[in-house]
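>>> Below is the sequence, then the predicted model.
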Amino acid sequence: MLTHGIINAQLAHALAGLRHKDRFVISDAGLPVQPGIEIIDLAVVLGVPTFEEVLDALKGELVLEEGLMAEEARGTVAEQWVKDRFEVPLSYVPHDGDEGFKANVEGVRFVIRTGETTPYANVIFRCGVPF
């Protein structure tokens, strides 16, 4: 049995499969996800686990090169949670629409669903490389 790091088997397996330029989502409890995209559902009840807790758990596990959030998240606590933990450039698009955040979820490797209920607590990360 693992003694540290990610112990959720589905999440650990998905993270180990990420490669440079792959994208994945950390989402709140309500983000709609298109059929065919793997959902790693960590939500137990509303609020558990929080978006922050999942960001904290992933912080030391990944090399990231970019993040994407909804324009509506700019200036919110959700944006600050991401900025406090990851030193990556963030881009913004409207939450809805043909070029919006929800549309950008298409093609990601997986979505990590949290129990978060804070509006716009969603981020799409693009992986970097450690060398």
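It's in.

>>> Tell me if I'm right that Leu64 and Arg126 touch.
Yes - with contact defined as Cβ atoms under 8 Å, Leu64 counts as touching Arg126 (6.8 Å). Any C-beta I mention is one placed from the backbone N, CA and C, and that applies to glycine too.

>>> so which strand or helix has the most centrally placed residue in the chain?
What sits nearest the mean C-alpha location of the chain, by Cα atoms, centre = their mean, is Ile26, with 1.9 Å. Assigned by DSSP states H and E, Ile26 belongs to strand 23-27.

>>> Buried residues in the next helix or strand along the chain from that strand, which are they?
Downstream of strand 23-27, the first helix or strand assigned by DSSP H and E is strand 38-41. Neighbour counts over strand 38-41 (16 or more other Cβ atoms under 10 Å) mark Ile40 as buried.

>>> Other residues contacting strand 38-41?
With Cβ atoms under 8 Å, 6 or more residues apart in numbering as the test, strand 38-41 has contacts from Asn8, Gln10, Leu11, Ala14, Val33, Arg109, Phe110, Val111, Ile112, Arg113.

>>> Kindly spell out which helices and strands sit in contact with the strand holding Ile26.
With contacts defined as 3 or more Cβ pairs under 8 Å, 6 or more residues apart in numbering; DSSP states H and E, strand 23-27 has these neighbours: helix 51-59, strand 110-113, strand 123-127.
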